[in-house]
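Trainee: sequence unknown, structure follows:
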């Protein structure tokens, strides 16, 4: 688990798109750090760097257990991706975590996110949040 200093160092080093099950973040160094963190916990990660790439994955039939999206993505933002995902039958129940440097917890819930994590502080709680969402969804099998 990351401590606050490590999380802030990672944040300032990075920022992009991560998919785990997807994660989408617009800052490449942060995306890579998030990917490394999740892979060290046993998750498989698909890393994407812009909203249109994320949209293609969301619309695809590829199985993802979770989407981790940054709100400030190039070409298509996190809000738009979440709203669209919730209209697709195969994505209506896929957990989605939204991350942003701005506090938008209420809006994240309104558009259909299952959790909101502020950057950089929320990076510390990322793995815990994923586990909590997986425990809430019995059809998802987290790594052992």
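Mentor: Now that the structure is in, tell me what you want to look at. Predicted model, so just to flag it, every value in this text is computed and none were measured.
Trainee: surely residue 49 touches residue 30?
Mentor: No. Using C-beta atoms under 8 Å, residue 49 is not in contact with residue 30, being 10.8 Å away. Placement of C-beta: from N, CA and C, glycine included.
Trainee: which one's more surrounded, these two?
Mentor: Neighbour count, other C-beta atoms under 10 Å: between residue 49 and residue 30, residue 30 has more, with 25 against 20.
Trainee: off-centre distance for the longest helix anywhere in the chain?
Mentor: Secondary structure assigned by DSSP state H gives helix 28-40 as the longest helix of the chain. Relative to its chain's centre, helix 28-40 lies at 11 Å (C-alpha atoms, centre = their mean, to the nearest Å).
Trainee: helix or strand right after it?
Mentor: strand 45-48 (DSSP states H and E).
Trainee: packing partners of that next one?
Mentor: strand 19-20, strand 23-24, helix 28-40, helix 51-59 (3 or more C-beta pairs under 8 Å, 6 or more residues apart in numbering; DSSP states H and E).
Trainee: make it 6 Å
Mentor: If you count contacts as 3 or more C-beta pairs under 6 Å, 6 or more residues apart in numbering; DSSP states H and E, strand 45-48 packs onto strand 19-20, helix 28-40.
Trainee: next, format these as TSV and append mean pLDDT.
Mentor: Formatted as TSV, the helices and strands packed on strand 45-48 follow (pLDDT from 0 to 100):
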stretch	mean pLDDT
strand 19-20	38
helix 28-40	83
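Trainee: how about low-confidence regions in the chain?
Mentor: 1-26, 137-144 (pLDDT under 70).
Trainee: all strands for it, in order.
Mentor: Ranges of strands in the chain, per DSSP state E, are 19-20, 23-24, 45-48, 67-70, 96-100, 115-118.
Trainee: reformat those strands as JSON lines; add mean neighbour count.
Mentor: Formatted as JSON lines, these follow (neighbours: other C-beta atoms under 10 Å):
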{"stretch": "strand 19-20", "mean neighbour count": "25"}
{"stretch": "strand 23-24", "mean neighbour count": "31"}
{"stretch": "strand 45-48", "mean neighbour count": "22"}
{"stretch": "strand 67-70", "mean neighbour count": "30"}
{"stretch": "strand 96-100", "mean neighbour count": "25"}
{"stretch": "strand 115-118", "mean neighbour count": "20"}
